[in-house]
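S.K.: predicted model and sequence below, questions to follow.
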Amino acid sequence: VAIAEATHGAAADRYLSVRQLTERLTEPLTPEDCVAQSLPEANPVKWHLGHTTWFFETFVLERVSARFRAFDPNFTALFAIQTAGEAAAPTVPRGVLTRPTLGEVLAYRRAVDDRITNLLARDQIDPESRALIELGLNHEQQHQERILMDLKHLFSLNPLNPVYRSGRLPDGITLALGWRSLGAGLHEFGAPQGRFAFDNEQPQCQIWLVPYSIATRLVTNGEYLEFIQAGGYERPELWPAAGWSVVHREHWQQPLHWRRVDNAWHEFTLRGLAELDLSAPVSHVSYFEADAYANWAGARLPSEFEWEYAARGSPIAGNLLDAGVLHPRPARPGETQFFGDVWEWTRSAYAPYAGYRPPPGAICEYDGKFMVNHFVLRGGSCATPGDHIRATYRLALPPSARWQCAGIRLARDNV
Ligand SMILES: [Fe+2]
């Protein structure tokens, strides 16, 4: 009995610690900060708070209780994921939804948290619901990162340069760029059964790698600046055709958050506007920019399998959300930067592994639905919770996306 109670207590503790972290991330914000939406692909903080809650209410509470009553039946139209809410999806942008108020959404969170922790504490829960709670917690952690990145974009548009977290960014020096050579072979990729993983990491698959080399650290701002100064944004031969048209349409001339102020390069960060640190990893670049940079540098991006094979020996440690820096920092001696700092673009189009089957029902928000026109990123960023990332983890974004904290690691063929 004591062991069972401890297990249930641990499950409730884990649930609450993830849910409470989300709210702690929003503590520095005003209610106004939580309502606005600055990009179609970004969402207001209030929506993230409601949407993650709706997940638990719909996929767990509605499932386990015959007498289920929604906190507010109208919330599905506001907070549902695309598939489940399609019929009732609002036709207005989420950033104009001043109602429900932030207070009402927080009350919604508390009501759902009470019911879920009661379930967990009393062990009135079947294994499938328990698995759905774990999925909901991992889903919530994805939204924790999104809260920070969506907010960063919103703040970046404000001439007052709002500061989310005060304090200096860590500095460092630029380490020499090294290369690690890896041999040919048939290797197994993807997540094994038995531990939590998203379905897009499964089933495990075997891929043949040819000899390649991978950079020992990320590309720095200083290196990317050389690309700009060499006319990188004006040379069509460096860009994929689709990227070249976006460069022109969007007038891209530098990474998303770089700015010239008083004739010096600056970067907008969650700690406000800072002088550009040339030793820190370049961030907020698209796949197109990563690819063009790699071409200019006489290299290429790694495939997602080359990345996974190279990263699997590295500890899951580094500049992740838990470090509290919230910005990529210069590599330290011996640090590979595979985990944390920036998501790393790979050259791999986001596709299912052999034998993949999407999960039934509405719980496919991140999987089969996005396996067109997206590229895979690996490794997590300075906004990714440390217990959320792993070597097999696949993030997928459209090649023009820049608002996520994404950067560049180079690879090349051994010929
Ligand atoms: Fe979601």
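M.R.: Everything's here; your move. Numbers count the residues shown, from 1 in each chain.
S.K.: so, low pLDDT: which residues of the stretch 51-200 of the chain?
M.R.: Counting by pLDDT under 70, the stretch 51-200 of the chain shows low-confidence ranges at 82-91, 123.
S.K.: tell me where it has helices.
M.R.: Using DSSP state H, counting those that start in this stretch, the helices found in the stretch 51-200 of the chain span residues 62-64, 75-79, 82-85, 102-122, 127-156.
S.K.: could you dump these to CSV with mean neighbour count?
M.R.: All C-beta atoms are positioned from the backbone trio N, CA, C, and that covers glycine. As requested, these are exported to CSV (neighbours: other C-beta atoms under 10 Å):
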stretch, mean neighbour count
helix 62-64, 14
helix 75-79, 19
helix 82-85, 16
helix 102-122, 17
helix 127-156, 20
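S.K.: now the ones you listed in a markdown table, with distance to Gln37?
M.R.: Output for these, formatted as a markdown table (distance: least, C-beta to C-beta, whole Å):
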| stretch | distance to Gln37 |
| --- | --- |
| helix 62-64 | 28 |
| helix 75-79 | 13 |
| helix 82-85 | 16 |
| helix 102-122 | 14 |
| helix 127-156 | 8 |
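S.K.: tell me which of the ones you listed lies nearest to Asp262.
M.R.: helix 127-156 (18.2 Å; C-beta to C-beta).
S.K.: now for the closest one, which elements pack on it?
M.R.: Where contact means 3 or more C-beta pairs under 8 Å, 6 or more residues apart in numbering; DSSP states H and E, helix 127-156 is packed against helix 2-25, helix 45-56, helix 62-64, helix 102-122, strand 264-269.
S.K.: what do you get if the cut-off is 6 Å, keeping everything else the same?
M.R.: With contacts taken as 3 or more C-beta pairs under 6 Å, 6 or more residues apart in numbering; DSSP states H and E, helix 127-156 sits against helix 2-25, helix 45-56.
S.K.: tilt between it and helix 102-122?
M.R.: Going by axes from the mean of the first three to the mean of the last three C-alpha atoms, to 10 degrees, helix 127-156 is angled at 150 degrees with respect to helix 102-122.
S.K.: helix 127-156 to helix 45-56, inter-axis angle?
M.R.: Put simply, helix 127-156 runs at 170 degrees to helix 45-56, going by the same axes, to 10 degrees.
S.K.: next one: phi and psi at the spatially closest residue to Gly379 that is not a sequence neighbour?
M.R.: What sits nearest to Gly379 in space, not counting adjacent residues and going by C-beta to C-beta, 6 or more residues apart in numbering, is Glu344, at 4.9 Å. Main-chain torsions, Glu344, degrees, to the nearest 10: phi -110, psi 120.
S.K.: what's the neighbour count on Lys369?
M.R.: Per other C-beta atoms under 10 Å, the neighbour tally for Lys369 reads 12.
S.K.: ok so it is a helix residue?
M.R.: Yes - using DSSP: H, G, I helix; E, B strand; the rest coil, the assignment for Lys369 is a helix.
S.K.: mind checking how far Phe370 is from Thr101?
M.R.: Distance, Phe370 to Thr101, using C-beta to C-beta, to the nearest Å: 32 Å.
S.K.: what does Tyr350 give?
M.R.: 37 Å.
S.K.: compare those two (neighbour count), which wins?
M.R.: For the pair Tyr350 and Thr101, the greater number of neighbours falls to Tyr350 (21 against 13), based on other C-beta under 10 Å.
S.K.: who are the contact partners of the more buried one?
M.R.: Tyr350 is in contact with 371, 374, 376, 396, counting by C-beta atoms under 6 Å, 6 or more residues apart in numbering.
S.K.: in which helix or strand would I find the last one?
M.R.: Think Ala396. Per DSSP states H and E: Ala396 is located in strand 395-397.
S.K.: then the third one?
M.R.: Under the criterion DSSP H and E, the helix or strand holding Val376 is strand 375-378.
S.K.: who does that strand touch, helix- and strand-wise?
M.R.: strand 343-349.
S.K.: Phe338 and Tyr393, how far apart?
M.R.: Phe338 sits at a distance of 11 Å from Tyr393 (criterion: C-beta to C-beta).
S.K.: re the thing from before, the strand holding Ala396 - what's its average pLDDT?
M.R.: If you average the pLDDT over strand 395-397, you get 96.
S.K.: and the next element down the chain from it?
M.R.: Where DSSP H and E defines the elements, the next helix or strand beyond strand 395-397 is strand 406-407.
S.K.: partner strands of that following strand, with direction?
M.R.: Under the criterion DSSP bridges, strand 406-407 sits next to strand 343-349 (parallel) in its sheet.
S.K.: ok, and what's touching the strand it pairs with?
M.R.: The contact list for strand 343-349 (C-beta under 6 Å, 6+ apart) reads 287, 290, 301-304, 307, 376-379, 381, 395, 406, 409.
S.K.: tell me the one of those nearest Arg165?
M.R.: Arg165 lies nearest to Ser381 out of these, by C-beta to C-beta, at 15.4 Å.
S.K.: so what's the residue count around that closest one?
M.R.: With other C-beta under 10 Å as criterion, Ser381 counts 29.
S.K.: same question, the one 4 residues further on
M.R.: Look at Pro385: counted by other C-beta under 10 Å, it has 18 neighbours.
S.K.: pLDDT at Ala362, what is it?
M.R.: pLDDT recorded at Ala362 is 61.
S.K.: typed the wrong thing, it's His8
M.R.: 68.
S.K.: mind listing the strands the strand holding Ala396 pairs with, and their directions?
M.R.: If you go by DSSP bridges, strand 395-397 pairs up with strand 375-378 (antiparallel).
S.K.: check the gap between the closest residue to Pro359 other than its chain neighbours and Ser348 for me.
M.R.: Nearest in space to Pro359, with sequence neighbours left out and distances taken as C-beta to C-beta, 6+ apart, is Asp199 at 5.5 Å. According to C-beta to C-beta, Asp199 and Ser348 sit 17 Å apart.
S.K.: phi and psi next, for Arg260.
M.R.: In terms of degrees, to the nearest 10, the main-chain angles of Arg260 are phi -90, psi 120.
S.K.: quick one, what contacts the residue lying closest to it once chain neighbours are set aside?
M.R.: Closest residue to Arg260 apart from its sequence neighbours, by C-beta to C-beta, 6+ apart: His266 at 7.4 Å. Neighbour list for His266: 259, 273, 275-276 [criterion: C-beta under 6 Å, 6+ apart].
S.K.: again, 7 Å this time
M.R.: 259, 273-276 (C-beta atoms under 7 Å, 6 or more residues apart in numbering).
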